[in-house]
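J.: just a sequence and a predicted model for now, questions to come.
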Amino acid sequence: MIKAEIAANVEPVFQTLALRDADKVTIVVGSAAMAVHFAEADAPVPPFSDVDVLCSRDFFTRTCSQSANLLGMGEFRVRHSGTTPRTRMRSPVLDLYPSEDDRGTVPFSACEAMGGTWYPISYNDCASEERVEHHRGYRFLKMAELLVWTAASGREKDIRKIDTLLPTAFDCGLITDEEHARIVAERDVSARLRSEHPGRYYARVPGS
């Protein structure tokens, strides 16, 4: 696969950001961020179905207001964080879905903080330049941060994702030797806890 084809695979990420974050103030996380990092390294792009971002409170409230008033906007909703340990959200999440006219885009979710009690992370935590990379003017949480976060979540699919993506990320130079060792250590802790507590949804959360 040539680089142009790889770049085309992540174009929905940038089209979605252009629609939802024209001022380039959010920080992209999750599978969409991983996909862009791999594309920039000219490596096969893992699948993604939406764009998740961390955002400031101002962005959240302003976008909620716009979504409620703009005609032609696709469906939107606000999910509120729960009180159980299983809840990954740490603040309300705004979900925006494409309208029929928003071709080439994918669903977009924004919140101030997430990660539950086991690996909390917030927009303010990630605002420093050493934790992000810039692609086309947008900020993306660095690959090592994304993989540590995934490994710490410890769901079965998270452990499988680490096992699949970590070798390529390392071979492409997206993470350092030290970062690789940290991610492996986090993955192994989650895998051990999952083995010891197979009923847990998140390996590190008792009662989940």
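T.: Ah, there it is. Because the structure is a prediction, the values reported are computed rather than measured. Numbering: from 1, shown residues only.
J.: mind checking the pLDDT average for stretch 32-41?
T.: Averaged across stretch 32-41, pLDDT comes to 96.
J.: point to the helix or strand of this protein where mean pLDDT is at its lowest.
T.: Here the helix or strand of the chain ranked lowest by mean pLDDT, DSSP states H and E is helix 3-9, holding a mean of 75.
J.: show me the shaky parts of the chain.
T.: 1-2, 4-6, 68-73, 81-89, 207-208 (pLDDT under 70).
J.: and the gap between the residue nearest to residue 76 when sequence neighbours are not counted and residue 204?
T.: Of all residues not flanking residue 76 in the chain, residue 67 sits nearest, at 4.3 Å (C-beta to C-beta, 6 or more residues apart in numbering). Any C-beta I mention is one placed from the backbone N, CA and C, and that applies to glycine too. To residue 204, residue 67 is 34 Å away according to C-beta to C-beta, to the nearest Å.
J.: wait, what's in contact with the nearest residue to residue 9 once chain neighbours are set aside?
T.: Excluding the flanking residues, the one nearest residue 9 by C-beta to C-beta, 6+ apart is residue 45, at 4.3 Å. When contacts are counted by C-beta atoms under 8 Å, 6 or more residues apart in numbering, residue 45 touches 6, 9, 10, 35, 38, 39.
J.: export those to a markdown table and tack on distance to residue 52 and neighbour count?
T.: Output for the contacts of residue 45, formatted as a markdown table (distance: C-beta to C-beta, whole Å; neighbours: other C-beta atoms under 10 Å):
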| residue | distance to residue 52 | neighbour count |
| --- | --- | --- |
| 6 | 21 | 18 |
| 9 | 18 | 18 |
| 10 | 14 | 19 |
| 35 | 12 | 23 |
| 38 | 16 | 22 |
| 39 | 17 | 22 |
